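# Quick one: sequence and predicted model below, then my questions.
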Amino acid sequence: MKWAEISIQTTHEAAETVANIFHELGSSGVVIEDPELVNSYLTSGVWDYSDIEQESNTEVVTVKAYLPVDDQLDEKLRNFEEEFQQISSRGMDKGIGDMQCREVQEEDWASSWKEFFHPIKVGQYIVIKPSWEEYKAASDDLVIELDPGMAFGTGTHQTTAMCCRALEEVVKPGCLVFDVGTGSGILSIAAAKLGAASVQAVDLDSVAVRVAAENVAINQVEHVVKVAQGDLLTGVTGKADIVIANIIADVVIKLIADIPARLKENGIFIASGIISERLSDVAAVMLEHNLLVDKVIEEGGWVAVIARKGGC
């Protein structure tokens, strides 16, 4: 099958929004090439070996998406350009917007990203290990085997790593967790390995649902994690001790109004995928809905918010 690889140069603050536009157009695979993030891993010592050179220009982020080459492609590209031009109206710098498009075969892109994905410890205990790599675990490591395939979420991005650390703080044995926009399923698996009794993972994307279910099985937590297709909280039932959503600020804001009714008393909402400039927007809406901010974690221009359901 032939695919169109669409590549566009943007900024750090607009990268997730651009990725979301691609997702809404039906792209099952989106890659964010962030030179700042790659440099941070090259200098962190967490990779045993890499022949990747450090980038000198870290301001330009490249977002790549893959769409099938069919009779709908031209219309999707026109829609993308219209949505991209409107990013500035949301108060964000959309960057230079240099866009390239080329045809690729499925086998070329389905695995090419693997050279950038190596075992990494993202929290005090949680280690993300690609399913095709070897790793010698320490006695207290919680190792998550992961093959994200075409779904979002390798655990190496700051937003996912911060969510893993937040889960390490708040998950208690026997708790119930909702994972909204689960992607590769990494946060659901983390919650299960940290002791959650039940995790309901939902994603709108059917490919993400399939990949998440596969990763849940690989990690042998299918007795804890149930994966379903759904739009935000429409795919879950009951009330949770913890709701986690690693999406983007606009979607988090849309989600917040429904959170209190789906949390138990003193339940916790973890929101991530938020650029630091949008923190005040998210915090204000949380306050409107009686969600009290306990903690804000910030890394590389991104934030994760840990909020608690307040009393009436």
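All right, it came through fine.

# Helices of the stretch 151-300 of the chain, residue ranges please.
158-170, 186-193, 206-218, 249-256, 259-262, 279-288 (DSSP state H, counting those that start in this stretch).

# Quick one: mean pLDDT for the second one?
Mean pLDDT, helix 186-193: 96.

# Measure how it sits relative to helix 206-218, angle-wise.
Helix 186-193 and helix 206-218 are oriented at 30 degrees to each other (axes from the mean of the first three to the mean of the last three C-alpha atoms, to 10 degrees).

# Number the chain from 613, please
Taking 613 as the first residue, the last one we looked at is helix 798-805.

# And helix 798-805, what does it pack against?
If you count contacts as 3 or more C-beta pairs under 8 Å, 6 or more residues apart in numbering; DSSP states H and E, helix 798-805 packs onto strand 738-742, strand 754-758, helix 770-782, strand 788-792, strand 810-815, helix 818-830, strand 837-841, strand 852-858. The way it works is simple: take the backbone N, C-alpha and C, and place the C-beta from them, glycine included.

# and these as a markdown table, adding distance to residue 678 and mean pLDDT?
Below are the helices and strands packed on helix 798-805 laid out as a markdown table (distance: least, C-beta to C-beta, whole Å; pLDDT from 0 to 100):
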| stretch | distance to residue 678 | mean pLDDT |
| --- | --- | --- |
| strand 738-742 | 20 | 88 |
| strand 754-758 | 20 | 90 |
| helix 770-782 | 21 | 93 |
| strand 788-792 | 24 | 97 |
| strand 810-815 | 18 | 96 |
| helix 818-830 | 11 | 88 |
| strand 837-841 | 20 | 96 |
| strand 852-858 | 21 | 96 |
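
# what's the most buried one of the ones you listed?
Ranked by average neighbour count under the criterion mean count of other C-beta atoms under 10 Å, the helices and strands packed on helix 798-805 are headed by strand 788-792 at a mean of 28.

# Mind listing the strands that strand pairs with, and their directions?
strand 810-815 (parallel), strand 852-858 (parallel) (DSSP bridges).

# Tell me what angle the longest one forms with helix 770-782.
Just to be clear, that refers to strand 852-858. 160 degrees.

# returning to that earlier point: minimum distance to residue 731: which of the strands paired with strand 788-792 has it?
strand 852-858 (20.5 Å; C-beta to C-beta).

# related to what we said a few turns ago, out of the helices of the stretch 763-912 of the chain, nearest to residue 914?
helix 770-782 (4.6 Å).

# Around residue 866, how many other residues sit close by?
Using other C-beta atoms under 10 Å, residue 866 has 13 other residues around it.

# mean confidence score for stretch 620-632?
Across stretch 620-632, pLDDT averages out at 87.

# How about the secondary structure of residue 615?
Here residue 615 is recorded as strand under DSSP: H, G, I helix; E, B strand; the rest coil.

# what pairs with the nearest residue to it once chain neighbours are set aside across the strands?
For residue 615, ignoring the flanking residues on the chain, the nearest one in space by C-beta to C-beta, 6 or more residues apart in numbering is residue 678 at 4.7 Å. Residue 678 forms beta bridges with residue 617, residue 641, as assigned by DSSP bridges.

# With distance to residue 693 as added columns, please give the helices and strands packed on helix 798-805 in a markdown table.
Shown next, in a markdown table, are those (distance: least, C-beta to C-beta, whole Å):
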| stretch | distance to residue 693 |
| --- | --- |
| strand 738-742 | 35 |
| strand 754-758 | 33 |
| helix 770-782 | 26 |
| strand 788-792 | 29 |
| strand 810-815 | 27 |
| helix 818-830 | 24 |
| strand 837-841 | 29 |
| strand 852-858 | 27 |
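
# So for residue 673, which of the ones you listed sits nearest?
Closest to residue 673 of these, according to C-beta to C-beta: helix 770-782, at 12.8 Å.

# what packs against that closest one?
The helices and strands touching helix 770-782, judged by 3+ C-beta pairs under 8 Å, 6+ apart, are strand 738-742, helix 798-805, strand 852-858, strand 875-887, strand 903-911, strand 914-921.
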